[in-house]
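**Q** Sequence first, then the predicted structure:
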Amino acid sequence: MALRLRRRARRGPSAAAERGAARARVRRREPRERRRGDRELRRRVVWGVPAAAFAIFIVAQGGLVFALGISALGVVALHELYSMTRSVRPVDIAGFLALVGIVLGALFGEPFHVVLGLACAFPVTYALAVARPWREQVSWAVAVTLFGVLWVGLPLAHAVFLREGAHGGALLLDALIGTFVGDSIAYSGGKAWGRRRLAPHISPSKTVEGLVLGIVGGTLAFWLFETSYQEFMTGGQALLIGFGVALAAPLGDLFESLVKRDLDVKDTGGFFGPHGGVLDRLDAVLFSVPVAYYMSLAIL
């Protein structure tokens with residue numbers, strides 16, 4: 001008997017004792033994690049409410065207020081992209097001028113003027129690049145500059161097209177609601193029930209379950225808001241456009257994740273505090289709004 005006790009003492013604590021200690025550590029850790037999660041949620045709400053109020057204001061105003069508001073956001077987004085690619089020295093001023101030019105062209109002109117602005121962006125970027133005192137990596141500098149204009153500026157011009165069309169304010173608001181509600185549901189649903197990785201080499205945290213839940217939630221949010229408060233299209237039309245918006249939004253999110261992974265950055269900036277940079281907030285919108293515009297033209 002004494003021999004068995006000595007052997008047990010040498011082996012250390014029993015498996016049951018180890019399990020009990022592990023459960024105690026988990027119980028101590030859970031309140032800390034819960035408090036940390038509550039603080040993060042409060043920070044996101046504090047930063048998110050003014051951003052949502054600004055978006056509602058410029059969408060409601062439309063016209064020049066809307067165009068200037070999204071131009072300002074677009075310039076910040078381009079600055080974030082150009083800062084991440086500073087090693088190739090993009091021609092910042094050319095990108096800023098091109099973005100503002102095509103957004104104002106969409107407001108005061110027609111699609112032709114947006115195409116004209118894009119066509120002018122190339123020689124302007126080339127001229128400003130040549131005028132600089134250095135020539136290293138000039139090809140990449142021009143490429144990154146115009147890449148930003150196409151990625152950020154062209155979708156913002158489509159946002160103006162959508163806002164200035166028939167029922168434009170309501171359609172744009174529906175698209176934003178479908179985009180952000182779908183993104184929130186995809187994030188929450190993926191954390192709760194996600195098992196299968198959607199694109200592990202691009203964004204390891206995204207799951208197939210979160211994607212499906214986000215598409216369903218974004219579609220229903222678009223449909224519910226339109227049929228409850230606006231009623232300028234049929235329920236079937238709202239479901240169809242909402243589905244297109246909800247499907248395009250995660251593609252925009254994945255595209256930005258691909259760019260950030262390639263550039264080895266976590267957030268594009270800190271403009272929206274815990275929400276990250278402007279590109280982090282607009283990545284899905286840059287895909288969903290053009291889809292909403294073209295689907296509304298085809299269906300309504």
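**A** Received the coordinates, thanks.
**Q** pretty sure residue 70 is touching residue 160, no?
**A** Yes - with contact defined as Cβ atoms under 8 Å, residue 70 counts as touching residue 160 (7.4 Å). Every C-beta, even on glycine, is put in place using the N, C-alpha and C of the backbone.
**Q** Kindly point out which residues are neighbours of both of those two.
**A** Listed as contacting both residue 70 and residue 160 by Cβ atoms under 8 Å, 6 or more residues apart in numbering are residue 103.
**Q** tell me the contacts of residue 69?
**A** Residue 69 neighbours (Cβ under 8 Å, 6+ apart): 54, 57, 58.
**Q** how about a cut-off of 6 Å?
**A** With contacts taken as Cβ atoms under 6 Å, 6 or more residues apart in numbering, residue 69 has the following neighbours: residue 58.
**Q** what about it, distance to residue 59?
**A** With the distance defined as Cβ to Cβ, to the nearest Å, residue 69 ends up 9 Å from residue 59.
**Q** Next: residue 121.
**A** Residue 121 is 26 Å from residue 59, where distance means Cβ to Cβ.
**Q** what's the longest strand in this structure?
**A** Across the chain, the longest stretch assigned as strand under DSSP state E is strand 203-207.
**Q** buried stuff in it?
**A** 203, 206, 207 (16 or more other Cβ atoms under 10 Å).
**Q** in the stretch 101-250 of the chain, which spans are strands?
**A** For the stretch 101-250 of the chain, applying DSSP state E, counting those that start in this stretch gives strands covering 197-199, 203-207.
**Q** Give me the distance between the first one and the centre of its chain.
**A** Strand 197-199 has its average C-alpha position 17 Å from the chain's average C-alpha position, going by Cα atoms, centre = their mean, to the nearest Å.
**Q** Just the buried residues of it, please?
**A** Those would be 198, 199, for strand 197-199 by 16+ other Cβ under 10 Å.
**Q** picking that back up, let me know which of the strands of the stretch 101-250 of the chain is the nearest to residue 81.
**A** Among the strands of the stretch 101-250 of the chain, strand 203-207 comes nearest to residue 81, with 17.9 Å by Cβ to Cβ.
**Q** Report the separation between the two terminal residues of stretch 107-115.
**A** When the termini of stretch 107-115 are compared using Cα to Cα, to the nearest Å, they are 13 Å apart.
**Q** Nearest residue to residue 170 in space, please, no chain neighbours.
**A** residue 230 (4.8 Å; Cβ to Cβ, 6 or more residues apart in numbering).
**Q** follow-up on the earlier one: among the strands of the stretch 101-250 of the chain, which is nearest residue 169?
**A** Using Cβ to Cβ, the nearest of the strands of the stretch 101-250 of the chain to residue 169 is strand 203-207, at 31.5 Å.
**Q** which helices and strands sit right next to that closest one?
**A** Applying 3 or more Cβ pairs under 6 Å, 6 or more residues apart in numbering; DSSP states H and E, we find strand 203-207 packed against no helix or strand.
**Q** swap the cut-off to 10 Å and go again
**A** Using 3 or more Cβ pairs under 10 Å, 6 or more residues apart in numbering; DSSP states H and E, the elements in contact with strand 203-207 are helix 168-193, strand 197-199, helix 235-263.
**Q** Relative to it, what are the paired strands and their orientations?
**A** With DSSP bridges as the test, strand 203-207 is paired with strand 197-199 (antiparallel).
**Q** Contacts made by the strand it pairs with with the rest, please.
**A** Outside strand 197-199, the residues that touch it by Cβ atoms under 10 Å, 6 or more residues apart in numbering are 186, 190, 203-212, 250, 254, 257-258, 261.
**Q** Could you measure from the residue nearest to residue 170 over to residue 174?
**A** As judged by Cβ to Cβ, residue 230 and residue 174 stand 7 Å apart.
**Q** Next, show the common contact partners of these two.
**A** By Cβ under 10 Å, 6+ apart, the residues touching both residue 230 and residue 174 are 167, 238.
**Q** These two: who's more crowded?
**A** Shown here are residue 230 and residue 174; by other Cβ atoms under 10 Å, residue 174 has more neighbours (26 against 15).
**Q** Identify the residues contacting the more buried one.
**A** 167, 221-226, 229-230, 233, 238, 241-242, 245, 292, 296.
**Q** what's the neighbour count on residue 135?
**A** When neighbours are counted by other Cβ under 10 Å, residue 135 comes out with 11.
**Q** likewise the one 10 residues further on?
**A** Burial of residue 145 is recorded as 30 neighbouring residues (other Cβ under 10 Å).
**Q** Also residue 179?
**A** Using other Cβ under 10 Å: residue 179 sits among 31 other residues.
**Q** Against residue 300, how distant is it?
**A** In terms of Cβ to Cβ, residue 179 sits 19 Å off from residue 300.
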